[in-house]
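Asker: sequence unknown, structure follows:
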């Protein structure tokens, strides 16, 4: 029972970390060209 809880907890943790990484990757790919553009202009 304890093993099952531990496994499900690590699965949830991996899911959350994956979501955060995916979200930050999307934000980075969206912001990075804008930052490059602003840096080139100014």
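Answerer: Sure thing, it's come through. Just so it is clear, the structure is predicted and the values come from calculations on it, not from any experiment. Residues are numbered from 1 along each chain as shown.

Asker: which residues in the chain form helices?
Answerer: Taking DSSP state H, the helices of the chain run over residues 2-41.

Asker: pLDDT below threshold where in it?
Answerer: Scanning the chain for pLDDT under 70 picks out 1-2.

Asker: how many residues are close by residue 35?
Answerer: 10 (other C-beta atoms under 10 Å). C-beta coordinates here come from the backbone N, C-alpha and C atoms, glycine included.

Asker: and it, how close does it get to residue 22?
Answerer: The gap separating residue 35 from residue 22 is 20 Å, by C-beta to C-beta, to the nearest Å.

Asker: likewise for residue 16?
Answerer: 11 Å.

Asker: any common contacting residues for these two?
Answerer: Residues touching both residue 16 and residue 22 by C-beta atoms under 8 Å, 6 or more residues apart in numbering: none at all.

Asker: contacting residues around residue 6?
Answerer: Neighbours of residue 6 in contact, by C-beta under 8 Å, 6+ apart: none.

Asker: make that residue 23, sorry
Answerer: By C-beta under 8 Å, 6+ apart, residue 23 has no neighbours at all.

Asker: i'd like the first residue to be 38 from this point on
Answerer: Sure, I'll start numbering at 38, so the last one becomes residue 60.

Asker: now do the same contact list for residue 46.
Answerer: Counted by C-beta under 8 Å, 6+ apart, residue 46 has zero contacts.

Asker: tell me the buried residues in stretch 57-67?
Answerer: Within stretch 57-67, not a single residue qualifies as buried, counting by 16 or more other C-beta atoms under 10 Å.

Asker: what residue is smack in the middle of this structure?
Answerer: Nearest to the centroid of the C-alpha atoms of the chain, with distances taken as C-alpha atoms, centre = their mean, sits residue 58, at 1.4 Å.
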